[in-house]
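**Q** coordinates for the following, if possible.
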Amino acid sequence: MMREDGVYAPRAWSSPMASFDTFPQSMLALSRAFTLKWVSVWHLAEDAVAPGVQPVENHNMAVASVFFMAFIFVGSFFALNLFVSFIVDGFYAAQGTDSQYDEIQYASVNKMVAEKWPRRMRRVPQNFISKVCRAIVMSNSFKFFSASCLMINITAMATNHEGSSGIFQTFMETQ
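**A** Numbers count the residues shown, from 1 in each chain. As a prediction, the model looks like this:
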């Protein structure tokens, strides 16, 4: 880095706060990703080269992207909910509230709802167009098609990035 007087000033690279160089730092980075504040950690991970080595921009972009997508889906939405359920269960146990009481109350409310639910059965429409539309929507191939479209849309939205080409931006605006 050059100073105003034209002399180069010494520079030093320091390891960022959230990195994967050591086990405690990686646990801190992953816990940050657990709380869905993962974008800054993702940028650090995609630039990582090796422990203690200066980062190179977009060195591991594909690996970091796949890892954090899988980690967010599996980790945050499954493990964090499991953790919260243990905390809530412990909270109820500390209060002296028995979880069986809650289950009995839930069952009684379900029974009341079933008793008061409207008894009138709806008839399936008998005209040709309704039958065809119902058959299409209820088929397994339609369910697979709609799930595939959803996954393609999620993947396309996840690949949105700064400095993308005009064709990519047009694609993102139309989808």
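**Q** the closest residue to Phe68 other than its chain neighbours in helix, strand or coil?
**A** In space, Phe68 comes closest to Trp42 once its chain neighbours are excluded; the distance is 4.9 Å by C-beta to C-beta, 6 or more residues apart in numbering. The C-beta positions use only the backbone N, C-alpha and C, and glycine is treated the same way. Three-state call for Trp42 (DSSP: H, G, I helix; E, B strand; the rest coil): helix.
**Q** show the contacting residues for Trp42.
**A** Ala33, Ala64, Ser65, Phe68 (C-beta atoms under 8 Å, 6 or more residues apart in numbering).
**Q** you'd agree the last one is up against Phe34?
**A** No - Phe68 is beyond contact range of Phe34, at 11.4 Å (criterion: C-beta atoms under 8 Å).
**Q** so how far is Met157 from Ala70?
**A** Going from Ala70 to Met157 by C-beta to C-beta, to the nearest Å gives 16 Å.
**Q** all strands of the protein, in order?
**A** Counting by DSSP state E, the chain has no strands to list.
**Q** where does the chain have low pLDDT?
**A** Applying pLDDT under 70 to the chain picks out residues 1-3, 11-16, 36, 76, 94, 96-99, 175.
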